[in-house]
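Visitor: A structural model of the following input is requested.
(one chain, ligands or ions: 1)
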Amino acid sequence: MFKIKTYNKISVNGLNRFGRDHYEVASDINEPDAYILRSHKLHDESLPASVRAVARAGAGVNNVPVADYTKKGVVVFNTPGANANAVKELVLAGMLLASRGIIPGMNYVQTLTDMTDADEMSKLLEKQKSNFAGSELMGKTLGVVGLGAIGSLVAETALALGMNVVGYDPALSVEAAWRLPSQVSRADNLQSLLSRSDFISLHVPAIEATKHLINDESLKSVKEGAVLLNFARDAIVEPEAIVRSLEAKRLRQYVCDFPEPCLLSRDDVYAMPHIGASTLEAEDNCAVMAAEQLKGYLEHGN
Ligand code: MLT
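Guide: Residues are numbered from 1 along each chain as shown. You can find the predicted model right below:
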């Protein structure tokens, strides 16, 4: 009987992949053979000798000490692409929030809850609505930094909306390059992408090479009035540099999936609580893929 320790809430469809006859799956298991988790942070010191594999139900593995575990012979899996559609849809929402007066407009409507006369309300809204006017995405340029599973989906969606898309990925695989629509133009470097984009969406992993990729220096290349979207990882941007760029009115808006204390009080920052992958479908896809990987490894060693 294999024993799987779960961290975080793992979808039932994922857990059902482990056959009840051969697996014991619970959050309070002693001497587990493997872990399955979402965003729980694992530490090297607390790893029991029984653990042979870890499956992260998500794309990033920066909550797992991969190098330390690998030295101990523990295999670490992730689920690339399994939540890509969910993240892509939230990036789209982020672009719309930044370009239309959705949030200020809805906040304003909430101030009218005491009004009882519908005609009076509609007259008032008619006067106010120019304060919430926005602009359209069609015809604007989106720069996609990182053209893997999520970045390439974001690029395709933006094209379908009539946007121009420029991509940059120094580590683009041959397969990923073939999958990219031919209308995605490629920038030779980050600076070139930043200087051409009205919206910039980050889709690179958090690794040493991408730490603070967006900093004071790189932000100098940003086109004035651009919107930066970060649904990848907080470590990719230097938050203080974002504040300086917003203050200088170079960046117009920062939309992110990671609340940072120094950014929260600003009207030009929309921060979400890391919900890019939080859809029923993505949670299922990730958990099912993670469970299949663990089963394959525990039962057959692959
Ligand atoms: C990911 O790395 O794909 C996300 O962090 C997944 C999650 O939110 O659990």
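Visitor: can you list the buried residues in stretch 220-231?
Guide: Buried positions in stretch 220-231, judged by neighbour count with 16 or more other Cβ atoms under 10 Å: S221, V222, K223, A226, V227, L228, L229, N230, F231. C-beta: built from backbone N, CA, C; applies to glycine.
Visitor: longest helix anywhere in this structure?
Guide: Secondary structure of the chain per DSSP state H: the longest helix is helix 280-300.
Visitor: tally of neighbours for H300?
Guide: Neighbours of H300 under the rule other Cβ atoms under 10 Å: 7.
Visitor: how near is it to the ligand?
Guide: Distance of H300 to the ligand, computed by Cβ to the nearest ligand atom, to the nearest Å: 26 Å.
Visitor: numbering from 284 from now on, please.
Guide: New numbering, starting at 284: the last item is H583.
Visitor: picking up where we left off before, residues making contact with the longest helix of the chain?
Guide: When contacts are defined by Cβ atoms under 8 Å, 6 or more residues apart in numbering, helix 563-583 is touched by residues 285, 287, 293-294, 296-298, 300-301, 316-317, 319, 321, 335-336, 338-341, 358, 360, 362, 365-366, 368-370, 560, 585.
Visitor: the buried residues of stretch 503-514 in strands, which ones?
Guide: Counted as lying in strands by DSSP state E, out of the buried residues of stretch 503-514, are A509, V510, L511, L512, N513.
Visitor: the fourth one against L534, yeah?
Guide: No - in this structure, L512 is not within contact of L534 by Cβ atoms under 8 Å, at 10.9 Å.
Visitor: please enumerate the helices of the chain.
Guide: Using DSSP H, the helices of the chain run over residues 295-298, 349-354, 367-382, 385-393, 401-411, 432-443, 457-462, 473-479, 499-502, 522-530, 563-583.
Visitor: columns mean pLDDT on top of those helices, output as TSV?
Guide: Shown next, in TSV, are the helices of the chain (pLDDT from 0 to 100):
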stretch	mean pLDDT
helix 295-298	94
helix 349-354	96
helix 367-382	98
helix 385-393	96
helix 401-411	94
helix 432-443	97
helix 457-462	88
helix 473-479	98
helix 499-502	98
helix 522-530	98
helix 563-583	97
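Visitor: tabulate the ones you listed (a markdown table), appending distance to M555.
Guide: Formatted as a markdown table, those follow (distance: least, Cβ to Cβ, whole Å):
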| stretch | distance to M555 |
| --- | --- |
| helix 295-298 | 24 |
| helix 349-354 | 26 |
| helix 367-382 | 7 |
| helix 385-393 | 12 |
| helix 401-411 | 26 |
| helix 432-443 | 15 |
| helix 457-462 | 26 |
| helix 473-479 | 23 |
| helix 499-502 | 22 |
| helix 522-530 | 15 |
| helix 563-583 | 15 |
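Visitor: closest one to T424 among those helices?
Guide: Closest to T424 of these, according to Cβ to Cβ: helix 473-479, at 5.8 Å.
Visitor: by contact count, what packs against that closest one?
Guide: Counting contacts by 3 or more Cβ pairs under 8 Å, 6 or more residues apart in numbering; DSSP states H and E, helix 473-479 packs against strand 424-428, strand 447-451, helix 499-502.
Visitor: need the winner for burial among these.
Guide: strand 424-428 (a mean of 26; mean count of other Cβ atoms under 10 Å).
Visitor: what angle do it and helix 367-382 make?
Guide: 140 degrees (axes from the mean of the first three to the mean of the last three Cα atoms, to 10 degrees).
Visitor: who in this protein is up against the ligand?
Guide: Within the chain, the positions lying close to the ligand (Cβ under 6 Å from any ligand atom) are R321, S322, G341, A342, G343, N366, H557, A560.
Visitor: which positions in the longest helix of the chain come out as buried?
Guide: Under the neighbour-count criterion of 16+ other Cβ under 10 Å, helix 563-583 has 565-578, 580-581 buried.
Visitor: ditto for stretch 459-479
Guide: Buried, per 16+ other Cβ under 10 Å, within stretch 459-479: A459, L463, V467, A470, L473, L476, L477, R479.
Visitor: okay if I get the residues you listed as TSV plus distance to K412?
Guide: Output for the buried residues of stretch 459-479, formatted as TSV (distance: Cβ to Cβ, whole Å):
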residue	distance to K412
A459	43
L463	40
V467	36
A470	38
L473	38
L476	35
L477	33
R479	32
